[in-house]
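> My questions are about this predicted structure, shown below with the sequence.
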Amino acid sequence: MNITLINGNDPGQNKGFEDYMSRLNNELVHNHDVEWFHLQALSIKDCLGCFGCWQKTPGQCIFKDDMASLIIAYLHSDLVLFASPLILGFPSALLKTSHDRLIPIIHPYTEIKNGELHHEARYKKYPKLGLLMEKEVDTDEEDIKIITDIYTRIAFSFKSALVYLTFINTKSPEEIAHEIGHC
Amino acid sequence: MKLVIVNGSPKRKLSNTSKLLEGFVAGYEENRNCVFELFSVRDFEDQTNLSQMINKADYILLAFPLYTNAMQGRVKRFLEMLTLLSQTSKESNPKLLFLIQSGFPEALHSRVVERYLEKLCKRLNCEYMGTIIRGGIDTINQSLPSFLSGRVICFFQNQMKKIGKKFGETGELDQKLLKQIAFPEKLPWIVILFFKIYAFFGVHYFGFDSVLKENNMWSNRDATPYV
Ligand SMILES: Cc1cc2nc3c(=O)[nH]c(=O)nc-3n(C[C@H](O)[C@H](O)[C@H](O)COP(=O)(O)O)c2cc1C
């Protein structure tokens, strides 16, 4: 599989997560083509909400930063894995910004899906999505339900499905790599 | 009562969020001794302004547009900065209330985030006062002629005004008014039917098409630059 791993961790804050991700990457590369993006080291600006990517330069953001190469990798993947430790019960701001900046890959036109308004697809094919997280000390079932519900909706908006969601706390990188292989 | 309002839209004063906040503030200010201060989330790129703001506030109203079914990255960063509240007692912390404003008209797009915000308040040791949800300003601007869309937005502002007035009076968000302003929770079947008929004839593209044509980009609307 072509896998894009988008890591939204800040290594200065969480060294353990960083080490885990590089071990996971080492496992994944045995069987997959992995491209990995380290958001902290890249320049990815916050979305300005200008809708230029729909109205002025269809499909393209006004910002010329590292998001373009991330989108290219994203669209050429079979599976995109978002990764982040939880901070206040949700993935990092860094990771969230990368989702905001993905709206150029969908179309402004709307359609009704599941009885709700959504946007149409721009591309023919989109990757499946997965989410790797690290629990905080107080993470409970309610948090997991909320995150799952939000990311199920995010995947749906990006014309995809959330096929994998897990926490690194109690699994080895080998186990996770194995599970990902079955997605 | 001292209220701090933080506008989470990157568009600041030009935002739809700001339009709704104007209504809220107009009602809130009708009460005696109700004062407020307005910030943009972009005023808090570092921690220095933040503690000052928190110390002044009895209540913080965080208002933001829905971005990819959640809060924008920038708003999440602001929330992460609020972690400092979890160090202090609930009695001394400001109480939190929220406004989520989505592009799509149905409130259901914002409901999961509402659950997140309630849980967040527990983590931050702050009392949760509720979430105002209003969607559809974008959809209305795109699908109605401007004299009509202006009226509808005025109507929303009036609803916000009532919510703000009541909040100033009681220090609480009125559940009945919250329910009213969130309407519709999901699309009524009749709207779905009309949408499908419009879609069949391509009429519902009209709003987007006129903007694309204005920008000379209509023929380029389906561009797929990244494959
Ligand atoms: C990157 C991005 C993502 C968005 N995602 C959603 C969404 O998931 N659901 C929705 O209803 N509206 C979504 N919107 C629409 C905004 O919520 C809507 O335009 C809102 O009115 C903007 O508010 P503002 O003018 O206060 O910034 C999105 C807009 C942008 C720019």
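Cool, the structure landed. Numbering: from 1, shown residues only, chains lettered A, B, ... in the order given.

> Only the buried residues of the longest helix seen in chain B, if you could.
Taking DSSP state H as the criterion, chain B has its longest helix at helix B:146-170. Of all the residues in helix B:146-170, those buried under the rule 16 or more other Cβ atoms under 10 Å in any protein chain shown are B:149, B:153, B:156-157, B:159-169. (C-beta placed from N, C-alpha, C; glycine too.)

> all helices for chain B, in order.
Ranges of helices in chain B, per DSSP H, are B:16-28, B:48-56, B:73-81, B:108-124, B:137-143, B:146-170, B:175-182, B:189-201, B:206-214.

> Out of those helices, which gets nearest to the ligand?
Nearest of those to the ligand, taken as Cβ to the nearest ligand atom: helix B:16-28 at 3.3 Å.

> how many other residues sit next to residue A:115?
By the measure other Cβ atoms under 10 Å in any protein chain shown, the count of residues near residue A:115 is 11.

> Show the model's pLDDT score for it.
Looking at residue A:115, its pLDDT stands at 95.

> And the residue of chain B closest to chain A?
Nearest to chain A in chain B, going by Cβ to the nearest Cβ, is residue B:73, at a distance of 3.0 Å.

> what's near enough to touch residue 47?
Just going to use chain A. The contact partners of residue A:47, taken as Cβ atoms under 8 Å, 6 or more residues apart in numbering or on different chains, are A:97, A:100-101, A:103, B:10, B:67, B:72-73.

> could you do chain B instead?
Contacts of residue B:47 were listed using Cβ under 8 Å, 6+ apart, and they are B:81, B:84.

> which outside residues touch stretch A:32-42?
By Cβ under 8 Å, 6+ apart, the residues outside stretch A:32-42 that reach it are A:1-12, A:25, A:28, A:65-66, A:70, A:73, A:77, A:94-95, A:97-98, A:180-181.

> Of the residues you listed, grab the buried ones for PyMOL.
Of the contacts of stretch A:32-42, the buried ones can be selected in PyMOL as follows, counting by 16+ other Cβ under 10 Å:
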select buried, chain A and resi 3+4+5+6+7+8+9+10+25+28+66+70+73+77+94+95+97+98+180
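
> Format the CA atom coordinates belonging to the helix or strand residue A:97 falls within as CSV.
Per DSSP states H and E, residue A:97 falls inside helix A:93-100. In CSV, the C-alpha atoms belonging to helix A:93-100 read as follows (Å, rounded to 0.1, in the frame of the first residue of the first chain):
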residue,chain,number,x,y,z
ALA,A,93,-3.9,21.9,16.9
LEU,A,94,-1.1,21.2,14.5
LEU,A,95,-2.9,18.2,13.2
LYS,A,96,-6.2,19.9,13.0
THR,A,97,-4.7,22.7,10.8
SER,A,98,-3.7,20.1,8.3
HIS,A,99,-7.4,19.0,8.1
ASP,A,100,-8.5,22.6,7.6
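
> Helix B:73-81 and that one, what's the angle between them?
Calculated by axes from the mean of the first three to the mean of the last three Cα atoms, to 10 degrees, helix A:93-100 forms an angle of 160 degrees with helix B:73-81.

> Show me what helix A:93-100 is packed against.
Where contact means 3 or more Cβ pairs under 8 Å, 6 or more residues apart in numbering or on different chains; DSSP states H and E, helix A:93-100 is packed against strand A:79-85, helix B:73-81.

> which one of these is the most hemmed in?
Mean neighbour count (mean count of other Cβ atoms under 10 Å in any protein chain shown) peaks for strand A:79-85 among the helices and strands packed on helix A:93-100, with a mean of 25.

> low pLDDT regions in chain A?
Of all residues in chain A, none has pLDDT under 70.

> quick one: contacts for the residue of it at minimum distance from chain B?
Using Cβ to the nearest Cβ, the single residue of chain A nearest to chain B is residue A:97, 3.0 Å away. Counting by Cβ under 8 Å, 6+ apart, residue A:97 makes contact with A:39, A:44, A:46-47, B:72-74.

> I'd like to know which of those residues is nearest to the ligand.
Nearest to the ligand among the contacts of residue A:97, counting by Cβ to the nearest ligand atom, is residue A:47 at 4.6 Å.

> That closest one - that's part of a strand, no?
No: counting by DSSP: H, G, I helix; E, B strand; the rest coil, residue A:47 is not part of a strand but coil.
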